[in-house]
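**Student:** Pasted the sequence and its predicted model underneath.
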Amino acid sequence: MSVQLLLSLISGICISGVAGYLGTLMLSRKMSVVAGPLAHLTLPGAALAIILGWSLFVGVFPFVLFGVILIWFLERQTKLPMENLAAIIFAFGVGSAFLILPIDKAEEALIGNINIISLKETLIVVAISILVFYLTRQIYSKVMLLNIHEELARVEGTNVSLYNFLYLLNIGLIVSLGVYLVGGLITAALIAIPAAIGRNLSFNLKSYQIWSVVSGIVATIIGIFLNHFSRLPTGPLIIIIGVLLFVLSILIKSFKNK
Amino acid sequence: MDMILTVENLTISLDKEEILKNISFTLNQGEVLTILGPNGAGKSVLLRALLGLIPYQGKIIWDKKYRISYLPQGLNQLLFKGLPLTVEDFFRLKQKNLTREEIIKSLKVVGLREDVLNKLIGNLSGGEFQRILIAWVLIGDPEILFLDEPTTGIDIGGGKTIYTLLKQIQKERNLTIILVTHDLDIVYDFTDKVMCLAHKTHTCFGPPNDVISPNKLEEVFGGKIKFYEH
């Protein structure tokens, strides 16, 4: 196995595993609509990074952090529905990206290229993945309760504003890393698809988390190996395999329910 | 009995609309206060203000910091439909380090057996779900319970059972309970004090036998109420 393939696998497993875990918190509509727009905010950052020759994460994260703060602040201040805010952020991300993104270099920003990830970038991915996993674990119960009933969570001593921010920050970090693996267009799918598979196959919270993490990692490993042999782009392969696993999970669920 | 809560001239406005005006009352430790009133009278709003969840004018004075627990309105089973959350998982959301034994113990208090632990919350019967909620709010040994329509969605018999259970637990633990309900039937058996909310303020406050009459109920609910004095 080449060193490059190993670096791709390590990064891919870290990103997809943590994205799958974080995705299990997206139980309510409010929570699930924010990942997509934040992911599209990676596009202008990725464009900048490509033009200036920076690591993708360095270009992407400031834009996503801006989006995290904007959504968090606007939700507190304006009481506008999250869907409206999400549409604004989405439009800003895509619009600004195509103003500055050189079309001939767009592919890496749009669908990612884990096959050229460097050792330094792999180390960044591993460190941030561990941080996001740790943070998600810390906020998990409270955010889950928030998903179910916000006032109940508040009476139970949850600082709703802080936990919402930490949750958004985690999504921001993981979609920023997801750009390496699947690009800005589809990085939100890394969070959403495994959780949907987990939901179909689980019988309690633990199994939900495990199925979600495992299915994210399995789709990524298969995607990276398929790319290795077929030269089809890794990002779309991972997402397509994820969707196929999702369909399989529906079949298993309906078979179990018979 | 020790007085634990004093409310003075409480006025609450939401989105510039005045919901409640000049509410004043006191509550003693170990008492059950039931807040009665028609839809939109501000019962839940009053409860949320007492919990510190919404802004208000006037004074809400607790004599010390209490361990409180809250069963909000709208915490219904629909919120759990399709969620991979078992009864055991749900209890762990309240306290991460809760042992299985502690959960089983609290289930027994509400008359449920260990075998519900692995059931998904969304798949419980209505009665089981309400009992789970009562057991859930009792975790952490609260001193004051805030219950907002705790029997919504279950039949009359089931509701009575829940109140009988609550009364028993309340006596055993000397709990103070502030309850919002539409259910007039439970007032006499369950409550020490009643507050009737109507027209933005309270139109009655005191022991149910002293303050509740057919005329009073007609005034509060704005129509003919079928009523049997106890």
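**Tutor:** Ah, there it is. Residues are numbered from 1 along each chain as shown, chains lettered A, B, ... in the order given.
**Student:** Give the rounded mean pLDDT of the host helix or strand of A:Phe92.
**Tutor:** Using DSSP states H and E, A:Phe92 maps to helix A:82-100. Across helix A:82-100, pLDDT averages out at 81.
**Student:** list the helices and strands that helix packs on?
**Tutor:** Helix A:82-100 makes packing contacts with helix A:35-40, helix A:42-52, helix A:56-78 when contacts are defined by 3 or more Cβ pairs under 8 Å, 6 or more residues apart in numbering or on different chains; DSSP states H and E. No exception for glycine: its C-beta is placed from N, CA and C like everyone else's.
**Student:** where does B:Asn76 fall, phi/psi-wise?
**Tutor:** Dihedral angles phi and psi of B:Asn76 (degrees, to the nearest 10) take the values phi -110, psi 170.
**Student:** can you give me the strands for chain A?
**Tutor:** Secondary structure of chain A (DSSP state E): no strands located.
**Student:** Chain B contacts on that one?
**Tutor:** Where chain A comes near chain B, counting by Cβ under 8 Å from any Cβ of the partner chain, the residues are A:27, A:141-142, A:144-145, A:148-149, A:151-152, A:154-156, A:198-199, A:202-208.
**Student:** Just the buried residues of those residues.
**Tutor:** Buried by 16 or more other Cβ atoms under 10 Å in any protein chain shown: A:27, A:141-142, A:144-145, A:148-149, A:151-152, A:154-156, A:198-199, A:202, A:204-205, A:208, out of those.
**Student:** and the residues you listed, which of them are in helices?
**Tutor:** A:141-142, A:144-145, A:148, A:151-152, A:154-155, A:198-199, A:205, A:208 (DSSP state H).
**Student:** Show me the two of those residues that sit farthest apart.
**Tutor:** A:Val155 and A:Gly198 (29.0 Å; Cβ to Cβ).
**Student:** ok, A:Leu173 - contacts?
**Tutor:** A:Phe61, A:Val64, A:Ile128, A:Leu131, A:Val132 (Cβ atoms under 8 Å, 6 or more residues apart in numbering or on different chains).
**Student:** The third one contacts A:Gly178, doesn't it?
**Tutor:** What that stands for is A:Ile128. No. A:Ile128 is beyond contact range of A:Gly178, at 11.1 Å (criterion: Cβ atoms under 8 Å).
**Student:** Comparing these two, which shows the higher neighbour count?
**Tutor:** A:Gly178 (28 against 19; other Cβ atoms under 10 Å in any protein chain shown).
**Student:** can you pull the contacts of the spatially closest residue to the more buried one that is not a sequence neighbour?
**Tutor:** Sequence neighbours aside, A:Thr187 is the residue nearest to A:Gly178 in space, at 3.3 Å (criterion: Cβ to Cβ, 6 or more residues apart in numbering or on different chains). Shown in contact with A:Thr187 (Cβ under 8 Å, 6+ apart): A:Ala39, A:Thr42, A:Gly112, A:Val175, A:Gly178, A:Val179, A:Leu181.
**Student:** A helix includes B:Asp141, no?
**Tutor:** No. Assessed with DSSP: H, G, I helix; E, B strand; the rest coil, B:Asp141 is coil; it does not lie in a helix.
**Student:** Could you state which residue of chain B sits nearest its centroid?
**Tutor:** Taking Cα atoms, centre = their mean, the centroid of chain B lies closest to B:Leu147, which sits 1.5 Å from it.
**Student:** and B:Ile139, how many neighbours does it have?
**Tutor:** If we define neighbours as other Cβ under 10 Å, then B:Ile139 has 16 of them.
**Student:** Extract the residue ranges of chain B that are flagged as low pLDDT.
**Tutor:** B:1, B:153, B:156, B:222-230 (pLDDT under 70).
**Student:** Going by neighbour count, which residues of stretch A:159-167 are buried?
**Tutor:** Buried residues in stretch A:159-167 (16+ other Cβ under 10 Å): A:Tyr163, A:Asn164, A:Phe165, A:Leu166, A:Tyr167.
**Student:** Check those residues for the minimum pLDDT and say which it is.
**Tutor:** Ranking the buried residues of stretch A:159-167 by pLDDT, A:Asn164 lands last with 88.
**Student:** ok, now how distant is it from A:Val218?
**Tutor:** 31 Å (Cβ to Cβ, to the nearest Å).
**Student:** And for B:Met3?
**Tutor:** 62 Å.
**Student:** Could you pull up the contacting residues of the residue nearest to A:Ser96 when sequence neighbours are not counted?
**Tutor:** Nearest residue to A:Ser96, sequence neighbours excluded (Cβ to Cβ, 6+ apart): A:Pro44, at 4.2 Å. If you count contacts by Cβ under 8 Å, 6+ apart, A:Pro44 has them with A:Phe63, A:Gly93, A:Ser96, A:Ala97, A:Leu99, A:Ile100, A:Leu101.
**Student:** Can you add neighbour count and give these back as CSV?
**Tutor:** Formatted as CSV, the contacts of A:Pro44 follow (neighbours: other Cβ atoms under 10 Å in any protein chain shown):
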residue, neighbour count
A:Phe63, 27
A:Gly93, 24
A:Ser96, 18
A:Ala97, 24
A:Leu99, 9
A:Ile100, 12
A:Leu101, 21
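**Student:** Now A:Glu83. Nearest residue, chain neighbours left out?
**Tutor:** A:Val33 (5.7 Å).
**Student:** Just give me the neighbour total for the spatially closest residue to A:Ala46 that is not a sequence neighbour.
**Tutor:** In space, and not counting its chain neighbours, A:Ala46 is closest to A:Ala109: 3.6 Å by Cβ to Cβ, 6+ apart. Here the count is done by other Cβ under 10 Å, and A:Ala109 has 27 residues near it.
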